[in-house]
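Student: make a model of this:
(one chain, ligands or ions: 2)
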Amino acid sequence: MSTNVSLSGRLLGGAVLTNGCSRLRAPLRSIVPKTTSKVEHRSTDVTFDLPDYKLHKLDSGPAQKATLTAADALAYYKELHICRRIETVSANLYKEKIIRGFCHLYAGQEAVVVGIKAVQRPQDTVTTSYRCHTWTYVTSGSALGVIAELCGRVSGCSRGKGGSMHMFGKNFYGGNGIVGAQVPLGAGVGFAHKYKGDGGISFTLYGDGAANQGQAFEAFNMAKLWVLPIIFVCENNKYGLGTSAERSSASTEYYKRGDYMPGVWVDGMDLLACREATRFAINWITSGKGPIVLEMETYRYFGHSLSDPGTSYRTREEVQQVRKTKDPITMFKKRILDSKLVTAAQVKEVETTVRKYVDEQMKKAKTDPEAAPEEVSADVYAGGLVEEIRGVRPDKPLRHSNLAKRN
Ligand SMILES: Cc1ncc(C[n+]2csc(CCOP(=O)(O)OP(=O)(O)O)c2C)c(N)n1
Ligand SMILES: [Mg+2]
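Tutor: Numbers count the residues shown, from 1 in each chain. Ligands and ions are numbered 1, 2, ... in the order given. Model (predicted):
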């Protein structure tokens, strides 16, 4: 028993978001509109059985059971939906040619981001690939920051200058376009945590394709050698561009790829399994045992980017089958409804509220202005580090300023 009706009511209204096992971030408190219905859900927690993990160099793994409060259930459900809706809206804006260039969508993989975020601490950091929209949202709490960035507008998190692949925020080190390059970057951030003694963990995410890169193994080596606080998360979504994991990888057991580092395979379509595996990894690191690999097996619904129909290297039936049987949002919804943790009316209300919220953010993103041309030399460095930066001509430096909001 941990959730009482009045606390849950406040949670739904968006006030307090901490319970024994998870701390959710500010956006649910302030930005996402409040839900209004009378609180009717169960006042007790429900415990769920989780899918098995596979372990590498570990005697025991993450919890096989997860307890969920009604308030957390609705909060997670809301986050899952916002993440999905941001990508749906982005796909539409791309079709309308309002979003141009690359646009890599995360739909299908939401359990990973929401599951990890549920147990991250404020001092933790995240570094990921170009498939970064939802990570930007969960770390910043602003759907507008993401959608406006995609539209090239000044209200974007990089003031419209970065686009789909170059999103950043507080404790969020991108948004990196070069496959695998984020792995050593995340290792460097892990080194900084240790050097500064701030207690943070660097969550370093990469794909099944990136997992084959030499620089990943160099980063693993240093992380293990120097006992750096890093959770390497391989998001195995089964494909790297147009190539399946089986075709590109001599071993698809990505959780074992750290060799001397322990690893856990996790059902990445199961939010609670992702949450418990992350909790396990955090405890592993904070007890001084060094870095760890989590392979989260998941699936991407759209093509590699929106210019890829995504059906020449896999069948439409395969995608439909995953959507039908393994969708992370549908599975989570079924779990919280079947257990009577929440009511159908509450779930419906979350869905309606989220749709309205994201659609409003999209409308704003479409009408906001673009950044002025002078801004080309702004925000190259953070924190007012320099006043001038070199332009095309070394004798004519450009003025440097910091304009981007960093929440
Ligand atoms: C160094 C480098 N090589 C190739 C590319 C082209 N490229 C972009 S994404 C991609 C596939 C990466 O797949 P994966 O790591 O599984 O990530 P996912 O796209 O599935 O999230 C490739 C080969 C690149 N951007 N950088
Ligand atoms: Mg992949």
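
Student: quickly note the distance from whichever residue of the chain sits closest to ligand 2 to residue 57.
Tutor: Using C-beta to the ion, residue 207 is the residue of the chain that sits closest to ligand 2, at 3.6 Å. Bear in mind the C-beta positions are built from the backbone N, C-alpha and C, glycine included. In this structure, residue 207 and residue 57 are separated by 23 Å, where distance is defined by C-beta to C-beta, to the nearest Å.

Student: how about residue 113?
Tutor: Going from residue 113 to residue 57 by C-beta to C-beta gives 26 Å.

Student: so those two - more neighbours on which side?
Tutor: With other C-beta atoms under 10 Å as the criterion, residue 113 and residue 57 differ in neighbour count, and residue 113 comes out ahead with 28 against 15.

Student: angles on the backbone of that one, please.
Tutor: With angles defined as degrees, to the nearest 10, residue 113 shows backbone torsions of phi -70, psi -40.

Student: residues contacting it?
Tutor: Shown here is residue 113, whose contacts under the criterion C-beta atoms under 8 Å, 6 or more residues apart in numbering are 83, 106, 134-135, 138.

Student: farthest-separated two in those?
Tutor: 106 and 138 (10.7 Å; C-beta to C-beta).

Student: switch the contacts of residue 113 over to TSV; also include pLDDT, distance to ligand 2 and secondary structure.
Tutor: Written out in TSV, the entries for these read as follows (pLDDT from 0 to 100; distance: C-beta to the ion, whole Å; DSSP: H, G, I helix; E, B strand; the rest coil):
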residue	pLDDT	distance to ligand 2	secondary structure
83	98	18	helix
106	98	11	coil
134	98	15	helix
135	97	15	helix
138	97	20	helix
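
Student: between those, which is nearest residue 361?
Tutor: Here the nearest of the contacts of residue 113 to residue 361, counting by C-beta to C-beta, is residue 83; it sits at 13.1 Å.

Student: doesn't residue 136 make contact with the closest one?
Tutor: No: counting by C-beta atoms under 8 Å, residue 83 sits too far from residue 136 to count as a contact (10.4 Å).

Student: on that earlier part again, the residue of the chain closest to ligand 2 bridge partners, please.
Tutor: With DSSP bridges as the criterion, the beta-bridge partners of residue 207 are residue 235.

Student: where do the strands sit along this protein?
Tutor: Counting by DSSP state E, the chain forms strands over residues 46-49, 54-56, 65-68, 125-127, 202-207, 230-236, 239-240, 243-244, 263-267, 292-297, 388-389, 398-399, given from the N-terminal end onward.

Student: the longest one: which residues count as buried?
Tutor: Neighbour-count burial for strand 230-236, counted by 16 or more other C-beta atoms under 10 Å, picks out 230-236.

Student: which of those lies closest to ligand 1?
Tutor: residue 235 (6.3 Å; C-beta to the nearest ligand atom).

Student: if we look at ligand 1, which of the buried residues of strand 230-236 are close to it?
Tutor: Checked against ligand 1 using C-beta under 6 Å from any ligand atom, the buried residues of strand 230-236 give no members in range.

Student: can I get these in a markdown table with pLDDT and distance to residue 146?
Tutor: Rendered in a markdown table, the data for the buried residues of strand 230-236 read as follows (pLDDT from 0 to 100; distance: C-beta to C-beta, whole Å):
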| residue | pLDDT | distance to residue 146 |
| --- | --- | --- |
| 230 | 99 | 25 |
| 231 | 99 | 23 |
| 232 | 99 | 25 |
| 233 | 99 | 20 |
| 234 | 99 | 24 |
| 235 | 98 | 18 |
| 236 | 98 | 24 |
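
Student: ok, residue 82 - contacts?
Tutor: Taking C-beta under 8 Å, 6+ apart as the criterion, residue 82 is in contact with 32, 137, 143, 354, 357-358.

Student: show me the helices in the stretch 301-407 of the chain, by range?
Tutor: In the stretch 301-407 of the chain, helices defined by DSSP state H, counting those that start in this stretch lie at 316-326, 328-338, 344-367, listed in chain order.

Student: reformat those helices as JSON lines; add mean neighbour count.
Tutor: Formatted as JSON lines, the entries for the helices of the stretch 301-407 of the chain read as follows, by neighbours: other C-beta atoms under 10 Å:
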{"stretch": "helix 316-326", "mean neighbour count": "13"}
{"stretch": "helix 328-338", "mean neighbour count": "18"}
{"stretch": "helix 344-367", "mean neighbour count": "17"}
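
Student: out of these, which is closest to residue 200?
Tutor: Comparing the helices of the stretch 301-407 of the chain by their distance to residue 200 (C-beta to C-beta), the top pick is helix 328-338, with 26.9 Å.

Student: packing partners of the closest one?
Tutor: Contacts of helix 328-338 with other secondary structure elements, assessed using 3 or more C-beta pairs under 8 Å, 6 or more residues apart in numbering; DSSP states H and E, are made with helix 70-95, helix 110-117, helix 271-286, helix 344-367.

Student: quick check: residue 256 touching residue 263?
Tutor: Yes: between residue 256 and residue 263 a contact is recorded at 5.6 Å, counting by C-beta under 8 Å.
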